[in-house]
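In: could you work out the structure for the sequence below:
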Amino acid sequence: MPLLAQDAFFTTDQMREIWDRSGMQCPYPDFHDFVDALNSHNIILKKGPRLWKLQSSSYAQRGYSQFSQAARGTQR
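Out: The predicted structure is shown next:
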């Protein structure tokens with residue numbers, strides 16, 4: 001799966017790669033604290049083991065998900 005898929009769902013590993021590549025300055029001491037903060041503010045929601053959904057995504061509003069389509073055996 002590409003790093004920036006057109007999807008509202010992300011794995012923890014994908015988010016970690018984005019974090020590492022961005023080089024952004026963040027008030028949180030590490031990646032897991034950052035993820036916890038996003039989750040506690042309902043920016044991302046835990047949807048399964050190591051799987052997260054971005055709530056503010058236009059894809060989230062339309063219900064698109066490569067993960068849910070793969071589970072149904074369909075692709076875009």
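
In: confirm Lys46 sits in a helix?
Out: No: read with DSSP: H, G, I helix; E, B strand; the rest coil, Lys46 is strand and lies in no helix.

In: pLDDT score for it?
Out: Per-residue pLDDT puts Lys46 at 94.

In: wait, it touches Ser40, no?
Out: No: in this structure, Lys46 is not within contact of Ser40 by C-beta atoms under 8 Å, at 11.0 Å. The way it works is simple: take the backbone N, C-alpha and C, and place the C-beta from them, glycine included.

In: distance of Leu51 from Met24?
Out: According to C-beta to C-beta, to the nearest Å, Leu51 and Met24 sit 23 Å apart.

In: more neighbours: these two, which one.
Out: Leu51 (15 against 8; other C-beta atoms under 10 Å).

In: which residues touch the more buried one?
Out: By C-beta atoms under 8 Å, 6 or more residues apart in numbering, the contact list for Leu51 reads 9-12, 67.

In: ok, now Trp52?
Out: Going by C-beta under 8 Å, 6+ apart, Trp52 touches 9-12, 15, 35, 39, 44-46.
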